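Visitor: from the sequence below, what's the structure:
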Amino acid sequence: MTRSVTILKSHFTKNGGAEKYARCLADAFHQKGCHVTVLTTGPIDTPFSFEVISHRLKSKTSVSKVWEFEAFCDQYLKKHPSDIVFGMDRNRSQTHLRAGSGSHKAYLEHRKSYESSWKRFRHMINPLHTTLLHMEKTGFEHPDLKVLFTNSNLVKEEILSHFVIDPKKITVIHNGVQWHEWQESFDTWEKDSSHFEFLFIGSDFHRKGLIPLLKGLRQLSERDFHLSIVGSDKNQKHFQHLAQKYGLQKQITFCGAQSDIRPFLQRADCLVIPSFYDPFANVTVEALAMGLFVVSSKTNGGCEVLTPETGCTIEDLKNMTPALEIALKHPKTRQRALLIRESVKHLDFSTQLNTYLDTCLLPTS
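Guide: Numbers count the residues shown, from 1 in each chain. So this is what the prediction gives:
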C-alpha cells in the first residue's frame, strides 16, 4: 500500500541548508514509492517529481505570515489526511517533526548571555516571538506527534527541560555532510601560506561569537597566524574596529559572504565555531570532511561529533585562548587531514537521510 507523506515547509525553493534538506527529504520519500505532497509558500519555478502546492501569502507582517501558513496547512490536511505529516518549520500539528533550528525558547534563553536587558524586554513583548513560542510548545507537546527529530543531544536535552514530552519520542540524528561529493575538493587542497590559518564562518557575528574569538587571538603568545572571516554582518565596521583596537588588523581578512566555502576550507588549518548558540552548525561537519581541526563552543550541538584527535571544545567563551593554543598544535598535514575526514564518513548525507526514512516508514501496527 502506498504511504502518503505531506511535508510542511514554508520556504522550499530557497538556497538555504534547511530548504535543501527539505527537497532531499521529499525526493527520498518519493524514491521510496510514497505519494509526496509539499505544502509551502512563494513561487515554484522548478519542476519536481512530486507534488508541490504553494500558497500565495496575503499577509504583510512576519507574525501574520506564520499564522496564515498554519491555517493553510490545517485546512489542506483536513481535506487530505496523510499517513505522515512531516513538519520542518513550527506548525502546531504533525506526526513527525524535525527541529532543525532547535528550540526557540532555548534560543531566547541563550541570547540573554550577550544581549542587553532592553533587547530582552523587547523579545518578551514581540508578537512574533510569542507566536513562535506558542507554536513550538503546541507542536512539541501535541498528542499526535509520534517522532521528534533533533540534530543534537544539546537540543534534545533543552526540549526535555522546557516541554512536557516523552523522551522516547525524540530521535537524535546529527546533521549530514556531502562526504563523497567533496572527495575531489579534499584531494586537491593545498596550503598557500606558511602561517597557521584560522577560519571563522557565519553571519550575525555577535551570536556566532566573533568578539570572544578576537579577544582570544589577542592573548595568544604565538603571533604567526591569520584569520579569515567568511560571512556578512550589518555591523561589520564595528568588528573591523575591534580588530584594529586589538592590534589584529594585519592578521585578519574580512572576506564577506561566499556562495562556496570549500576554497576557504582547503586553505585553512582550523575552523573556529565560538557560537553562543547553534543547534548544530553545518560547518562543523563540513570542516571535518575537509580535514580541518575544529574548535567549538559547548553550545554548538556539532561539538558532539568531535574527538580529541579531530577538535576540542571551548570551556569558557570568556577565555578562548587555551582552546586556540591546542589548535595551533594541530596544523593541517595530509595524514592528520585524512584521519579527521574519516571521522565523519558515517555522517554522509545519504546515510543520515536514510535514517530519517527508516524511522518514519516503520511498519504501522
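Visitor: give me every residue that touches the residue most central in space within the chain.
Guide: With distances taken as CA atoms, centre = their mean, Ala281 lies nearest the centre of the chain, 4.2 Å away. Contacts for Ala281 (CB atoms under 8 Å, 6 or more residues apart in numbering) come out as Gly202, Ile273, Ser275, Ser296, Asn300, Gly301, Gly302. The way it works is simple: take the backbone N, C-alpha and C, and place the C-beta from them, glycine included.
Visitor: pull the residues that contact the lengthiest helix in the chain.
Guide: The longest helix of the chain (DSSP state H) is helix 62-79. The contact list for helix 62-79, computed with CB under 8 Å, 6+ apart, reads 6, 8, 10, 39, 41, 53, 55, 57-59, 85, 89-93, 127-128, 131-132, 135.
Visitor: what comes up buried for that helix?
Guide: Under the neighbour-count criterion of 16 or more other CB atoms under 10 Å, helix 62-79 has Lys65, Val66, Glu68, Phe69, Glu70, Phe72, Cys73, Tyr76, Leu77 buried.
Visitor: again, but for stretch 220-235
Guide: Leu220, Phe225, His226, Leu227, Ser228, Ile229, Val230, Gly231, Asp233.
Visitor: just grab the bridge partners of the second one for me.
Guide: Note on Phe225: beta-bridge partners by DSSP bridges are Phe196.
Visitor: local confidence estimate at it?
Guide: For Phe225, the model assigns a pLDDT of 96.
Visitor: from here on, count from 24
Guide: Sure thing, new numbering starts at 24, so read that last one as Phe248.
Visitor: residues contacting it?
Guide: Counted by CB under 8 Å, 6+ apart, Phe248 has contacts His218, Phe219, Glu220, Phe221, Leu240, Gln274, Leu351.
Visitor: try 10 Å
Guide: Phe248 sits next to 216, 218-221, 240, 271, 274-275, 292-293, 347, 350-351 when contact means CB atoms under 10 Å, 6 or more residues apart in numbering.
Visitor: same question, the third one
Guide: Contact partners of His249, counting by CB under 10 Å, 6+ apart, are 216-222, 271, 273-276, 290-292.
Visitor: give me the low-pLDDT residue ranges for the protein?
Guide: 141-144, 146-147, 387-388 (pLDDT under 70).
Visitor: can you pull out the strands in it?
Guide: 27-31, 58-64, 74-78, 107-110, 119-121, 170-173, 193-195, 219-224, 248-253, 275-279, 293-296, 316-320, 334-337 (DSSP state E).
Visitor: ok, back up a step: what angle sits between the longest helix of the chain and strand 74-78?
Guide: 130 degrees (axes from the mean of the first three to the mean of the last three CA atoms, to 10 degrees).
Visitor: now do the residue nearest to Leu311 when sequence neighbours are not counted against Ile234, distance only.
Guide: Closest residue to Leu311 apart from its sequence neighbours, by CB to CB, 6 or more residues apart in numbering: Val367 at 4.6 Å. Per CB to CB, to the nearest Å, Val367 is found 29 Å from Ile234.
Visitor: looking at these two, which one has more neighbours?
Guide: Val367 (22 against 17; other CB atoms under 10 Å).
Visitor: my guess is the more buried one meets His197, correct?
Guide: Yes - if you go by CB atoms under 10 Å, Val367 and His197 touch, sitting 9.0 Å apart.
Visitor: buried set for stretch 229-245?
Guide: Of the residues in stretch 229-245, Arg230, Lys231, Gly232, Leu233, Ile234, Pro235, Leu236, Leu237, Lys238, Gly239, Leu240, Leu243 count as buried by neighbour count, 16+ other CB under 10 Å.
Visitor: arrange those residues in JSON lines, one row each, with distance to Pro166 as further columns.
Guide: Shown next, in JSON lines, are those (distance: CB to CB, whole Å):
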{"residue": "Arg230", "distance to Pro166": "34"}
{"residue": "Lys231", "distance to Pro166": "37"}
{"residue": "Gly232", "distance to Pro166": "39"}
{"residue": "Leu233", "distance to Pro166": "43"}
{"residue": "Ile234", "distance to Pro166": "44"}
{"residue": "Pro235", "distance to Pro166": "42"}
{"residue": "Leu236", "distance to Pro166": "44"}
{"residue": "Leu237", "distance to Pro166": "48"}
{"residue": "Lys238", "distance to Pro166": "48"}
{"residue": "Gly239", "distance to Pro166": "47"}
{"residue": "Leu240", "distance to Pro166": "50"}
{"residue": "Leu243", "distance to Pro166": "53"}
